[in-house]
Every structure is written in structure tokens, then in C-alpha cells.
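Visitor: sequence first, then the predicted structure, then my questions.
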Amino acid sequence: MSASVRRGRRLCFLLAALVVVADQLSKAWATEHLAGAGVRPFLPGLLEFTFTTNTGAAFSLFSGASQALAVVSLAVALGVAVWIWRLGRAPLGRARCLALGLLLGGAIGNGIDRWRLGAVVDFLALVPISFPVFNLADVAINVAVLCFLIDLLAPAASSQG
């Protein structure tokens, strides 16, 4: 296995670890400073802090199914970790490395909440649109999806040029 493949794996796992640490620290801060505090503006007209917990998934789907979702989080995290570990001999592209690291970190971050608290801590709310309250793990997962799309479409775009 080449050094660039090993380096790509390490970068994926390092990014995942950074996401987990940032997510858990931000949730601890939110729990300590925002619980019961109502709505607090952060970036006026764009983003505000609103503490809530969610026993479901995105958009409160499967609300009350925290135990099942904890198992799903664990399965996703294990699946992504195995995917990273079993990468082929080719160096990992930036978009895919970002996607895998962000997805792994986001799944672990929300999974920790589900296993430890029975619900996910959410505290970020977009002001201009009606959108569910979210957290840094959610942001990481959504950016991961975007990176997967870029990775998927980039070869197609370069071959059409």
C-alpha cells in the first residue's frame, strides 16, 4: 500500500475526529448556556441559537425511535470506517476524503448523543427560512453529501471537456 493511500486514510480519520470533538464541545456548550434560555441571536437575520433535543432523525422523522437510530448511527459509523480502511491502492481524492471523514464524524457525533442522552442536542436555527434546528454533526453530514456529489460529478465533467 502506498504512502499516499495511508496518508489519505489518516486524513479521513483525523477529520472525523475533529468533527466529533467540535460537535461534542459545541453541544456541551449549548447544553450549559442555552438550555432554558429561549432564542438567542448569533448572526442577526441569519442564524440564532435555539436549544432543543430530538429523539428522531432529520426533520424529526422517526421521532421517539432513539434506540433504533442509535443502532443505525453505529452501523453507519462502522460501515464508513470499514470503507475508509479498505480503500484500494489508488490515492483518495480530496472530495471523497472530505466526504468520508465528515460523514464518519457526523454519524459518531450524533450517535454519541443518542447512546448517552437518548436524544440528539440541536441548537442552530436558520432565521430566513423555516428549517429544523440542527447541530455541527448535521452540518458535517450535509457537507459530506455535497462532497460525494462533487466526487461523483467531477470525473463526468472533466471527461466532457
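Guide: Done, it's in.

Visitor: residue 124 contacts residue 49, correct?
Guide: Yes: using C-beta atoms under 8 Å, residue 124 makes contact with residue 49 at a distance of 7.0 Å. Glycine gets a C-beta too; all of them are placed from N, C-alpha and C.

Visitor: quick one: the helices in this structure, in order.
Guide: 3-33, 66-85, 94-117, 136-160 (DSSP state H).

Visitor: could you tell me the angle between the longest one and helix 94-117?
Guide: With axes from the mean of the first three to the mean of the last three C-alpha atoms, to 10 degrees defining the directions, helix 3-33 sits at 40 degrees from helix 94-117.

Visitor: and helix 3-33, what does it pack against?
Guide: With contacts defined as 3 or more C-beta pairs under 8 Å, 6 or more residues apart in numbering; DSSP states H and E, helix 3-33 has these neighbours: strand 47-54, helix 66-85, helix 94-117, strand 120-126, helix 136-160.

Visitor: please report the distance of the spatially most central residue of the chain from residue 76.
Guide: The centroid of the chain falls nearest to residue 106 when counting by C-alpha atoms, centre = their mean (2.5 Å). From residue 106 across to residue 76, the span is 9 Å (C-beta to C-beta, to the nearest Å).

Visitor: and for residue 27?
Guide: Taking C-beta to C-beta, one finds residue 27 at 19 Å from residue 76.

Visitor: who's more crowded, those two?
Guide: A count of neighbours by other C-beta atoms under 10 Å puts residue 27 above the other of residue 27 and residue 76, at 25 against 18.
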